[in-house]
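Engineer: Build me a model from this:
(chains A and B)
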There are 2 protein chains.
Amino acid sequence: MKIGIIGLGLIGGSFAKAVKLNTSYEVYGFDTNRTVLSKAKADGSINEVLSDNNIDKMDFNIFCLYPNSCIENIKKNKDKFKKGSIVIDACGIKGAIVDEVDELLNGKNVNYVGVHPMAGTERSGYDFSYDSMFLGASFIITKTDNTNKSAIEKVREFALEIGFGKVVVTTPKDHDEIIAYTSQLAHVVSNAYVKSPSLLKEKGFSAGSFLDLTRVAWLEENMWSELFTMNKESLLFEVNTIIENLMKYKKALEEDDVDEMRKLLREGRVLKEKSMEM
Amino acid sequence: MKIGIIGLGLIGGSFAKAVKLNTSYEVYGFDTNRTVLSKAKADGSINEVLSDNNIDKMDFNIFCLYPNSCIENIKKNKDKFKKGSIVIDACGIKGAIVDEVDELLNGKNVNYVGVHPMAGTERSGYDFSYDSMFLGASFIITKTDNTNKSAIEKVREFALEIGFGKVVVTTPKDHDEIIAYTSQLAHVVSNAYVKSPSLLKEKGFSAGSFLDLTRVAWLEENMWSELFTMNKESLLFEVNTIIENLMKYKKALEEDDVDEMRKLLREGRVLKEKSMEM
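Structural biologist: A predicted model of the protein is given here:
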């Protein structure tokens, strides 16, 4: 099997390395950064450079680009994909991407599946990619009325083959709602957390809780600003929800209401326990 | 040297175990829970039970209790401490405690130093205590006009002796302001984070960022509600600051302003970088 990977950043690079580690598939990779391409070729993560001349030979193409660039690149190649081949994209939001790509590839005899590998670090770029990035992680597959069932099965097998621990199938809408909470809100809150004037006084005082809360404040703003604005409604709901909840703690403090504070904290503790039991 | 430890919970238990691991001092421990006392004696973390009959023999007493109970217990024992001995308390806020204890022990010929070991886990209780809890951690010593300088040195030596990596000396006021940001706000935000209706849908979608943001949502509400309300002004400042900052991301989303969102995210990323360089 021949696999094309478009975009050899943190995720694309890790796909290439995980395929090489776990399978005997041939990997063809492309990146606009020529240094990255040379490195990937030199370290054996890709067999060859993916180009206009060979993309029609790929059985499976994985687009690992920022959302807008992803749509653009699929559009550019829409008439070049091999008939019956599979195209997936790894963007962190699905609704806006899947709608557009379904439309673009309609009638092209190509099986498109929007996915989301639930992995990553706060770093970005090929240099931080590694072959065990996906080990045990969840792989989300989204399906619409247009999604080919046997393509879903092939994508599922591929994910498990390269190390993912679990495959979850959902709709783009449900994916985007949940991801707004579990990932996007975490990045917003963490990024807002570091904006206190107290930040630069904290040396020697950083307990683990501060480090945990601020780990993902270090993010790639070009990618995340696209992801956020393309998932506006769901993320707004979550940002509003946490602001409303924070207002309750604020009120309890202002009113010196230790009983109310204890009640608020207990509610949160019990919910956290429930989430751990799931 | 004889060391008394009052309260054998997560922190007190870890103090007992760390002293036993690293020194040949005798440890006398007290806890209102008799099962804990038996365990601590059986596993060798304490030599004897600390009581009204032997507290006057201790060279060094460590109070590891919730804030109000800490003040009460120091008050109860204020005429029993050995002359020239050292008393420390490990409460997570210092201003309210130090003011009151300084007053209580005034003229008693006892050297009181308010401290804060920057360690812990989201668990509580003796069963989760362990001898390397403090390994490499910061130990905060607070000083006021009443604090004896040679007592500070003795406390510093003791902290390094049992495994702390670094000792920081500051004022109770500065301590409380910084801790409101690095620890208390982290607990408030994490506890508020789990209060979204999306929480119980997240199975299979939890990336590391969600787990990091919600780790300390699981907290002991009796202790934290005391700590928060006893540090009202500083914590209110931090809660207000993060709410105001979150409102900016909310506004950028509402206005579909991807440039403003990118700018907000970049500001946070740069601040996080600065904090990592400190």
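Engineer: can we go C-alpha only for contacts and neighbour counts from here?
Structural biologist: Noted.
Engineer: What lies in contact with stretch A:91-98?
Structural biologist: Stretch A:91-98 is contacted by residues A:64-67, A:70-71, A:113-116, A:142, A:172-173, A:175-176, A:179, A:227, A:230-231 when judged by Cα atoms under 8 Å, 6 or more residues apart in numbering or on different chains.
Engineer: just the CA coordinates of it, formatted as PDB?
Structural biologist: Taking Å, rounded to 0.1, in the frame of the first residue of the first chain, the C-alpha atoms of stretch A:91-98 are listed here in PDB:
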ATOM      1  CA  CYS A  91      -7.800  18.700  11.400                       C
ATOM      2  CA  GLY A  92      -8.900  19.400  15.000                       C
ATOM      3  CA  ILE A  93     -12.400  20.500  13.900                       C
ATOM      4  CA  LYS A  94     -14.600  18.600  11.600                       C
ATOM      5  CA  GLY A  95     -17.900  20.200  10.800                       C
ATOM      6  CA  ALA A  96     -16.600  23.100   8.600                       C
ATOM      7  CA  ILE A  97     -14.000  20.800   6.900                       C
ATOM      8  CA  VAL A  98     -16.200  17.800   6.300                       C
END
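Engineer: What residues sit buried inside the strand or helix carrying A:Ser225?
Structural biologist: Per DSSP states H and E, A:Ser225 falls inside helix A:221-229. By neighbour count with 16 or more other Cα atoms under 10 Å in any protein chain shown, helix A:221-229 contains the buried residues A:Glu221, A:Asn222, A:Met223, A:Trp224, A:Ser225, A:Glu226, A:Leu227, A:Phe228, A:Thr229.
Engineer: what's the average pLDDT for that helix?
Structural biologist: Here helix A:221-229 scores 95 as its mean pLDDT.
Engineer: which residues touch that helix?
Structural biologist: A:66-68, A:92-93, A:184, A:235, B:253, B:256-259, B:261-263, B:265-266, B:269.
Engineer: Could I get the buried residue list for the helix or strand just after that helix?
Structural biologist: Using DSSP H and E, the next helix or strand after helix A:221-229 towards the C-terminus is helix A:232-254. Of the residues in helix A:232-254, A:232, A:234-239, A:241-243, A:245-247, A:249-250, A:252-253 count as buried by neighbour count, 16+ other Cα under 10 Å.
Engineer: coming back round to it: show the buried residues in the contacts of helix A:221-229.
Structural biologist: A:66-67, A:92-93, A:184, A:235, B:253, B:258, B:261-262, B:265-266, B:269.
Engineer: Show me what the strand or helix carrying A:Phe210 is packed up against.
Structural biologist: Using DSSP H and E, A:Phe210 sits in helix A:208-214. Counting by 3 or more Cα pairs under 8 Å, 6 or more residues apart in numbering or on different chains; DSSP states H and E, the packing neighbours recorded for helix A:208-214 are helix A:185-193, helix B:185-193, helix B:208-214.
Engineer: what's the shortest one in contact with?
Structural biologist: Outside of helix B:208-214, the residues within contact range by Cα under 8 Å, 6+ apart are A:119, A:182-183, A:186-187, A:190, A:212-213, A:215-216, A:272, B:190-191, B:193-194.
Engineer: Out of those, which two sit at the greatest distance?
Structural biologist: A:Ala119 and B:Asn191 (24.1 Å; Cα to Cα).
Engineer: Tell me which of these two has more neighbours.
Structural biologist: B:Asn191 (30 against 20; other Cα atoms under 10 Å in any protein chain shown).
Engineer: what residues are up against the more buried one?
Structural biologist: With contact set as Cα under 8 Å, 6+ apart, B:Asn191 has these partners: A:Leu265, A:Gly268, A:Arg269, B:Thr214, B:Val216, B:Ala217, B:Trp218.
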